[in-house]
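In: heads up, no residue letters with this:
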């Protein structure tokens, strides 16, 4: 039998949680045992998971999850091998380590007076008095007995049961070892425990129904020891991290540093004569202060053992499912059990909070207190999806209550997970509701915006096709509606009504903030409080976010265009409106991508629409709007891949380069189908198909280093580009744009070489060792070197709006394109 069943089967039976394991439960376990206690504490039930292990994929340093960059999840990061590198960076930048009791206080809302609370004391006393509870805990501890369970306990696996709604790219049995389901909802939903055991996947749990997960490992070494994480000191001012693990990581980092530097540097201690060199004591180990200091300056999550990182990514992937395919939730809660230690984990879109492990062999009372906290947290709201979500949705998800309805409406089609649900919004005219439909796009992400776009309808705008955009935006980032309002004001002031045809029509925008008594609010206040004490002085900054909801008039995707002339016109429109916005509204978009170039029908033709201003900035503003890097990676300017951690200042030419990459990928790596793929539920046709034989299609899946190499090769080799047959009419234009961009970078390289030559010394210096120093009067006068100049903002005048306008408006085999401002007198911006 699964050891985790032994561990959790002793919990009282009237708990509001049903714990499900993916292992078959042997008849020797009394799942419905009721203790002889007269208490009215809820009891717990058990039923079946198997687990899926994946190796960690090494990748270049990234700054956030795919969602934070606006990557279209259906086309890019959707497998463990693609997602794990993003998670690795999330753990390096957004992980914080908490003492166990502080985790209970800030995440599970344990009162600071703890056990002195009457209600907590009553529940805790009831657990301590429960004989069955103690017996089963003793059974589990006797099985482990301080040893490695891998050698003392055999786990028999049969009939694995994955969670319904797991991504298709995952192993179908991908599931935590134990999952928590609200007991009342489980009984109301129509799920049947025996059906889950007997009839397999069609009767399994869904991610929508799960509240928490527990992962079981048989090796105590696999718990997170806090290496490289900002660490909060406990109430006594002590560091909760394990000293032995810190020593091991410290030595590993030192060894790696020596290996990477190779030969000893001149001036180091080893270059001194042996007699003067200090002798080192090989038996001496670094002190705690040395280790903590090194952890602050040298150690990162990369210094954790690989097997620990693998477990961390596995648990984080469960969270991706909780937050990305399990309806709409604010956060995820989990635990890792390793022998006689338990470690708690909390995830939201701003941080990964990990507790120091608790040894429940030596501290049973704190372990019981954790269970009481868990009970109280779920008892407060039996259908809790996160407080902020409860204020947005009019009522809890019907798919938590009605399992048959989930199977009928959603089943394996995760794009229907919000279908039929309503959200509550309010404007100056009062409250109103919006009914959601099928998901258009949902970004699978952990840290970041994790945008979800859903079809919708509303009586406030009858007959209009709507799209609702829900995103976790940093509180200090200006909303997309703010930028659109500025564009509208400028367009009206300058009587440039044509501009409004080429930007999104945002009908309503509203922010939902976390309250101070909600878990995210408590954590943010605590972690950002100057009075909170951290080890080593390495503080953690919790990036506050709001749930930003906006209602838009629905647009068409580029893929819905079936004629090459429409693609040419859309890109011509985007080039012009982007420059107008830059000049007159003084806004830089900063996230040009295939997904953000859209269209709609106006005056009998398709018009290009520059969409998604979430990452935009006003040209006059110099402060960063988020801790996350901007841009969508496959379409970012080449220079942003060179050093992702220290990107250059974002210029207009970088956006222009992104427009070229979108145009280039469409023309070279895609084909137009004569018979479109029709999505009846989404009510849209798709003509655009990625050419499986084009190497440039791989750009959608490459990391920064690979993309930098690919783009550098593209921009240095001046060979003609070959358009896909469907887009042959645009081959000349894409080649002219490519030639202009290549000429710009070639001129930039030449400028750098001229600067290097100008700064190089004219003569080789002769060593003055053992010679008298010349008097200052005899030294030659130092002449100031006049360095050559270069206009980097236009790559020496080669990469400009005027040049791109001339190329895109040139005559072709088909009809001439329309300049959007004024077809007869339009003069391109210089």
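Out: Received the coordinates, thanks. Only a predicted model underlies this, so the values are computations on that prediction, with no experimental measurement involved. Residues are numbered from 1 along each chain as shown.
In: lowest average confidence, helix or strand, in the protein?
Out: Within the chain, judged by mean pLDDT, DSSP states H and E, the helix or strand with the poorest mean is strand 45-47; its value is a mean of 29.
In: helices and strands around the helix or strand following that strand, which ones?
Out: Taking DSSP states H and E as the definition, the helix or strand that follows strand 45-47 towards the C-terminus is helix 80-94. Contacts of helix 80-94 with other secondary structure elements, assessed using 3 or more Cβ pairs under 8 Å, 6 or more residues apart in numbering; DSSP states H and E, are made with helix 306-324, strand 352-355. (Glycine included, C-beta is placed from N, CA and C.)
In: So for the shortest one, mean pLDDT?
Out: So the one you mean is strand 352-355. Mean pLDDT, strand 352-355: 95.
In: same thing with the first one?
Out: If you average the pLDDT over helix 306-324, you get 85.
In: same check, this time on stretch 105-116
Out: With pLDDT averaged residue by residue, stretch 105-116 scores 79.
In: Can you report how many residues lie near residue 571?
Out: Per other Cβ atoms under 10 Å, the neighbour tally for residue 571 reads 25.
In: ugh, typo on my part, it should be residue 423
Out: By other Cβ under 10 Å, neighbour count at residue 423 equals 25.
In: 747 is where my numbering starts, stick with that
Out: Got it, the first residue is 747 from now on, which makes the last one we talked about residue 1169.
In: pretty sure it is in a helix, no?
Out: No: applying DSSP: H, G, I helix; E, B strand; the rest coil, one finds residue 1169 to be strand, outside a helix.
In: where's residue 1420, which helix or strand?
Out: Element membership for residue 1420 (DSSP H and E) is strand 1416-1425.
In: name the helices or strands packed onto that strand?
Out: Contacts of strand 1416-1425 with other secondary structure elements, assessed using 3+ Cβ pairs under 8 Å, 6+ apart, are made with strand 1430-1436.
In: what comes up buried for the strand it packs on?
Out: By neighbour count on 16 or more other Cβ atoms under 10 Å, the buried set for strand 1430-1436 is 1430, 1431, 1432, 1433, 1434.
In: what's the following helix or strand after the longest helix anywhere in the chain?
Out: For the chain, the helix with the greatest residue count under DSSP state H is helix 1477-1505. As assigned by DSSP H and E, the chain's next helix or strand after helix 1477-1505 is helix 1547-1554.
In: Quick one: list the elements packing against that next one.
Out: Where contact means 3+ Cβ pairs under 8 Å, 6+ apart, helix 1547-1554 is packed against helix 1310-1326, helix 1398-1415, helix 1477-1505.
In: that older thread, which strands border the strand holding residue 1420, and is each parallel or antiparallel?
Out: Strand 1416-1425 has these partner strands in its sheet, going by DSSP bridges: strand 1430-1436 (antiparallel).
In: okay, the angle between the strand it pairs with and helix 1310-1326?
Out: For strand 1430-1436 and helix 1310-1326, the angle between their directions (axes from the mean of the first three to the mean of the last three Cα atoms, to 10 degrees) works out to 90 degrees.
In: Name the residues that touch strand 1430-1436?
Out: Applying Cβ atoms under 8 Å, 6 or more residues apart in numbering, the external contacts of strand 1430-1436 come out as 821, 1302-1308, 1412, 1415-1419, 1422-1425, 1443, 1446.
In: Helix 1398-1415 and that one, what's the angle between them?
Out: Using the same axes, to 10 degrees, one finds that strand 1430-1436 and helix 1398-1415 are set 90 degrees apart in direction.
In: residue boundaries of the helices in the stretch 1247-1396 of the chain?
Out: With helices called from DSSP state H, counting those that start in this stretch, the stretch 1247-1396 of the chain shows them at 1265-1273, 1310-1326.
In: Any idea how many residues pack against the residue lying closest to residue 1337 once chain neighbours are set aside?
Out: Excluding its sequence neighbours, the residue lying closest to residue 1337 (Cβ to Cβ, 6 or more residues apart in numbering) is residue 1361, at 4.3 Å. The local packing of residue 1361 (other Cβ under 10 Å) involves 25 other residues.
In: Settle this for me: residue 1361 is touching residue 1334, isn't it.
Out: No: the pair residue 1361 / residue 1334 is not scored as a contact, 9.7 Å apart, by Cβ atoms under 8 Å.
In: shared neighbours of the two, anything?
Out: With Cβ under 8 Å, 6+ apart as the test, residue 1361 and residue 1334 reach no residue in common.
In: Now the residue nearest to residue 1491 when sequence neighbours are not counted. Its backbone dihedrals?
Out: In space, not counting the residues next to it along the chain, residue 1491 is nearest to residue 1461; the distance is 5.0 Å by Cβ to Cβ, 6+ apart. With angles defined as degrees, to the nearest 10, residue 1461 shows backbone torsions of phi -90, psi 0.
In: mind checking how far residue 1461 is from residue 1409?
Out: When distance is defined by Cβ to Cβ, to the nearest Å, residue 1461 is 15 Å away from residue 1409.
In: Which one's more surrounded, the two?
Out: Set side by side, residue 1461 and residue 1409 show more neighbours around residue 1409, with 27 against 17, by other Cβ under 10 Å.
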